[in-house]
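Visitor: Provide a 3D model corresponding to the input given below.
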Amino acid sequence: MRVIAGSAKGRRLESVPGKGTRPITDRAKEALFNILGNDIVAARVLDLFGGTGAVGIEALSRGAAEAVFVERSGKALKIIGHNLQNTRLAEQAQVIRGDAFKVLQWPDLAPFDLIYVAPPQYEGLWLQALALLDARPELLTPDGEVIVQIHPKEYEKPALEHLERVDSRRYGSVQLDFYRRRER
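Guide: Predicted coordinates:
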């Protein structure tokens with residue numbers, strides 16, 4: 001796993017040992033950032049269920065202003081910290097050790113341009129996170145996006161009031177679903 005483009009291009013990222021995380025494939029990550037294009041420049045990014053930090057680090061490398069990583073696993077937090085140091089992007093990052101669902105309920109959480117949700121597979125956690133984000137649309141800037149990474153077999157249509165799915169892409173065993181605030 002490596003950083004694909006930007007200031008940290010080519011730097012290798014460490015993975016979390018074991019099967020507790022599922023890092024995005026380089027192919028899916030490259031496709032994701034090609035879709036986002038220049039929208040990532042100066043963006044404020046939330047990388048929920050941070051894992052290795054690969055998505056937030058790629059965003060920082062490509063010009064995001066800030067990335068906030070939320071992870072509860074001590075092993076994963078250590079890897080995120082190592083990867084941020086190795087890429088020299090730590091100064092633009094905030095790493096929060098905690099439960100993603102509790103963090104999404106913090107009252108003083110400022111809005112994000114991009115919220116990336118990639119929880120452990122087959123536990124329905126992506127639906128829970130999306131429901132919390134739907135209940136708090138103010139966590140997204142007006143043009144912001146929530147991107148959910150799941151295995152295609154996990155997908156089921158969520159009941160949403162404030163968010164709507166605007167795109168879905170599949171890259172092998174990775175499905176990326178894009179959500180935006182509904183236009184009223």
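
Visitor: can you pull up the bridge partners for the spatially most central residue of the chain?
Guide: Centrality entry for the chain: nearest residue to the mean C-alpha point is residue 116, 2.3 Å, by CA atoms, centre = their mean. Taking DSSP bridges, one obtains residue 47, residue 147 as the residues bridged to residue 116.

Visitor: wait, what's in contact with it?
Guide: Contacts of residue 116 were listed using CB atoms under 8 Å, 6 or more residues apart in numbering, and they are 45, 46, 47, 48, 55, 56, 146, 147, 149. (Glycine included, C-beta is placed from N, CA and C.)

Visitor: how about the last one, what does it touch?
Guide: When you say that, I think you mean residue 149. With contacts defined as CB under 8 Å, 6+ apart, the neighbours of residue 149 are 22, 24, 28, 116, 117, 118, 126, 174, 175, 176.

Visitor: The fifth one now?
Guide: Residues touching residue 55, when contacts are defined by CB under 8 Å, 6+ apart, comprise 24, 29, 32, 45, 47, 116, 118.

Visitor: what about 10 Å?
Guide: With contacts defined as CB atoms under 10 Å, 6 or more residues apart in numbering, the neighbours of residue 55 are 23-24, 28-29, 32-33, 45, 47-48, 67, 69, 114, 116-118, 147, 149.

Visitor: Check the second one too.
Guide: Residue 46 is in contact with 56, 66-70, 94, 96, 100, 103-104, 109-117, 133, 139-140, 144, 146, counting by CB under 10 Å, 6+ apart.

Visitor: 6 Å instead?
Guide: Contacts here follow CB atoms under 6 Å, 6 or more residues apart in numbering; on that basis residue 46 touches 68, 112, 115.

Visitor: ok, which stretches of this protein are strands?
Guide: Taking DSSP state E as the criterion, the chain carries its strands at 44-48, 66-71, 93-97, 112-117, 140-150, 163-171, 174-181.

Visitor: export those strands to JSON lines and tack on mean pLDDT and distance to residue 5?
Guide: Formatted as JSON lines, the strands of the chain follow (pLDDT from 0 to 100; distance: least, CB to CB, whole Å):
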{"stretch": "strand 44-48", "mean pLDDT": "97", "distance to residue 5": "15"}
{"stretch": "strand 66-71", "mean pLDDT": "98", "distance to residue 5": "15"}
{"stretch": "strand 93-97", "mean pLDDT": "97", "distance to residue 5": "18"}
{"stretch": "strand 112-117", "mean pLDDT": "98", "distance to residue 5": "16"}
{"stretch": "strand 140-150", "mean pLDDT": "96", "distance to residue 5": "17"}
{"stretch": "strand 163-171", "mean pLDDT": "97", "distance to residue 5": "17"}
{"stretch": "strand 174-181", "mean pLDDT": "96", "distance to residue 5": "18"}
